[in-house]
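Engineer: using only what follows, build the 3D model:
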Amino acid sequence: MLLALITSAAQSAQAQSNVLPTPRLAVDSTDPVAVMVSQLDLERYKATIKGLTAFGDRRQGTKRNRDAVDWIEAQLRSYGCTNTERITYEFNPPPPAPRPAGGPGGAGQQGARPQGPPVASGGGRPRGVRTRTGVNNDSLRQPDARLRALNAEPSTPGLRQEVYCTKVGTTRPDEMYIIGGHMDGIGWGEAANDDASGSAIVMELARIFSDPSVQTERSIRFVLWNNEETGLNGARAYVDQRAKLQGIEEPKGSGKYPEPKWLGMIQHDMMMFDHGMPNPDGTIPKNQRPEADVNIEFQSNSKMAKQSAELAWFLHGSNAKYATDYPAQVGPHMTNTDSGPFQDLIAAVSLRENERGTQVGSGWDPHWHQPTDLFSTFTDADFRLGLNAAQTTLSGVARLVNAKRVSGAK
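Structural biologist: A predicted model of the protein is given here:
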């Protein structure tokens, strides 16, 4: 069934791969997926991002990070996703390596590129103009005194938490798709794009699927990872703690499955800035490029590459049918994001603004881990790219779980 849908969707999408879809003003009320997609609103998406940026860069191991986790949980509950839970784990980083002379340093650092063939860590060869990337660890590069003060508390080792909630399926509560984004950030900005933009997608989808008038055959879990910037530690903790619990009914005979069997994992990480490669002088175009797209990536050398590719192309087809502004593009080099710990276990994909290794790693986003990753940096065209990623995932997952709208539901 899935392969048939993928083939049909891919053929349809191929014909319009270079065409920017025209926003639809009318909604087909007979299509429950279209109705759900229409509930995604640009201003609501922006407001959710804005709410997350109120906690600064939300660096793990700080009060601002813990406050943001509390706020996320309260928001999820307010949407009706009341079965919120937390993963608790301990993070004790190794001591930092000595900083090389003249080079940047710090946890989560992307420093100067080593010499040798230009191959991204997840595969693929960068092309075109490349600029230096890195993590800002200098507080004085943030001109806003209020934000400098908010981000001043350093990270300390110890216990960490991340929050999730679940839409329970009606006929197959023992199976689920996982939708994720990471809520922590670094760089002395507001981590608006990396990754409030992806976290807001997860939260907005939780809001829409939690509507009591929406029923799904399978379950969906909405997870806001922590400790992504230190090496995907929050996602790794989830896999370590929960993988062995999959599909176990608890209590026996109750019809309840605390950890349904994982069918697929869809990650959202940096969703908004697709302005193209750097100019010859190293500057970045100011406006969103007309050919901007939603990048859907899987990892071609993972154990579940075939299943992951199928999921990626299925989402590609959903984008072709339901996204209003920007098309999707599938790539085989998923890397450095929270879907990584899942990629050898289940179908796992990541949605992004650019190809992670060959484009983000080549400096296509000058705000990555920088003080300029602020809500005010981005335009509505940027925010709308993130919204189209939300449309892509929402429509795809709604089809996979056979979502329906039930009149008179309470």
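
Engineer: can you pull out the helices in this structure?
Structural biologist: 2-14, 32-38, 42-53, 63-78, 145-150, 197-209, 233-242, 305-322, 380-400 (DSSP state H).

Engineer: most tightly packed of the ones you listed?
Structural biologist: When these are scored by mean count of other CB atoms under 10 Å, the highest mean neighbour count falls to helix 197-209 (a mean of 27). Every residue, glycine included, has its C-beta placed from N, CA and C.

Engineer: so Gly124 sits against Glu355, correct?
Structural biologist: Yes. Proximity of Gly124 to Glu355 meets the contact threshold set by CB atoms under 8 Å, at 6.7 Å.

Engineer: any shared contact partners between these two?
Structural biologist: Residues touching both Gly124 and Glu355 (CB atoms under 8 Å, 6 or more residues apart in numbering) are 331, 333.

Engineer: rewinding a little: I'd like the helices of the chain laid out as CSV, including mean pLDDT.
Structural biologist: Listed next are those as CSV, based on pLDDT from 0 to 100:
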stretch, mean pLDDT
helix 2-14, 42
helix 32-38, 97
helix 42-53, 98
helix 63-78, 98
helix 145-150, 98
helix 197-209, 98
helix 233-242, 98
helix 305-322, 98
helix 380-400, 98
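
Engineer: any chance of the ones you listed in CSV, plus distance to Tyr257?
Structural biologist: CSV is the format used below for these (distance: least, CB to CB, whole Å):
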stretch, distance to Tyr257
helix 2-14, 22
helix 32-38, 24
helix 42-53, 29
helix 63-78, 20
helix 145-150, 40
helix 197-209, 17
helix 233-242, 12
helix 305-322, 21
helix 380-400, 18
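
Engineer: select, out of those, the one closest to Leu374.
Structural biologist: Closest to Leu374 of these, according to CB to CB: helix 42-53, at 7.2 Å.

Engineer: spatially central, which residue of this protein would that be?
Structural biologist: Nearest to the geometric centre of the chain sits His268, at 1.3 Å (CA atoms, centre = their mean).

Engineer: that one reaches Thr393, doesn't it?
Structural biologist: Yes. Contact criterion CB under 8 Å: His268 and Thr393 qualify, at 7.1 Å.

Engineer: so what sits against both of these two?
Structural biologist: In contact with both His268 and Thr393: 179, 201, 351, using CB under 8 Å, 6+ apart.

Engineer: related to what we said a few turns ago, tell me which of the helices of the chain lies nearest to Ile284.
Structural biologist: Using CB to CB, the nearest of the helices of the chain to Ile284 is helix 380-400, at 12.3 Å.

Engineer: next one: the closest one to chain centre, how far?
Structural biologist: Chain-centre distance of helix 380-400: 11 Å, with CA atoms, centre = their mean, to the nearest Å.

Engineer: ditto for stretch 52-60
Structural biologist: On CA atoms, centre = their mean, the centre of stretch 52-60 falls 16 Å from that of its chain.

Engineer: pull the residues that contact that stretch.
Structural biologist: With CB under 8 Å, 6+ apart as the criterion, stretch 52-60 contacts 64-65, 67-68, 71-72, 91, 147, 150-151, 155, 160, 183-192, 196, 199-200, 226-227, 229-230, 373-375.

Engineer: got it, and stretch 395-410?
Structural biologist: 2, 5, 32-33, 35-37, 169, 177, 179, 205, 209, 212-220, 263-264, 266, 314-315, 317-319, 321-323.

Engineer: need the contact list for Ile208.
Structural biologist: Ile208 neighbours (CB under 8 Å, 6+ apart): 36, 39-40, 214, 394.

Engineer: quick check: the farthest pair among the residues you listed?
Structural biologist: Leu40 and Val214 (13.4 Å).

Engineer: return the residues in contact with Asn354.
Structural biologist: Asn354 touches 270, 273-274, 295, 360, 364-365, counting by CB under 8 Å, 6+ apart.

Engineer: try it again at 6 Å.
Structural biologist: Residues near Asn354 by CB atoms under 6 Å, 6 or more residues apart in numbering: 274, 360, 364.

Engineer: ok, the first one touching Glu353?
Structural biologist: Yes. Because the distance of 4.8 Å satisfies CB atoms under 6 Å, Asp274 is recorded as touching Glu353.

Engineer: ok, the two, which is more surrounded?
Structural biologist: Glu353 (30 against 23; other CB atoms under 10 Å).

Engineer: read off the pLDDT value for that one.
Structural biologist: Glu353 is assigned a predicted lDDT (pLDDT) of 97.

Engineer: can you list contacts of stretch 249-257?
Structural biologist: Counting by CB under 6 Å, 6+ apart, 173-174, 258 sit against stretch 249-257.

Engineer: quick one, which of the residues you listed are buried?
Structural biologist: Applying 16 or more other CB atoms under 10 Å to these, the neighbour count classes 173-174 as buried.

Engineer: from the contacts of stretch 249-257, which is closest to Arg77?
Structural biologist: Pro258 (18.6 Å).

Engineer: name the nearest residue to that closest one, ignoring sequence neighbours.
Structural biologist: In space, and not counting its chain neighbours, Pro258 is closest to Glu250: 5.4 Å by CB to CB, 6 or more residues apart in numbering.

Engineer: alpha carbons of stretch 299-317, as CSV, please.
Structural biologist: C-alpha atoms of stretch 299-317 as CSV (Å, rounded to 0.1, in the frame of the first residue of the first chain):
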residue,chain,number,x,y,z
GLN,A,299,20.9,8.2,5.2
SER,A,300,21.8,6.0,2.3
ASN,A,301,24.3,3.9,4.2
SER,A,302,22.0,3.2,7.1
LYS,A,303,20.6,-0.3,7.8
MET,A,304,17.1,1.0,7.1
ALA,A,305,18.0,3.0,4.0
LYS,A,306,15.3,1.4,1.8
GLN,A,307,12.5,2.0,4.3
SER,A,308,13.8,5.5,5.0
ALA,A,309,13.8,6.3,1.3
GLU,A,310,10.3,5.1,0.9
LEU,A,311,9.2,7.4,3.8
ALA,A,312,11.1,10.3,2.3
TRP,A,313,9.4,9.9,-1.1
PHE,A,314,6.0,9.4,0.5
LEU,A,315,6.4,12.8,2.3
HIS,A,316,7.6,14.3,-1.0
GLY,A,317,4.3,13.2,-2.6
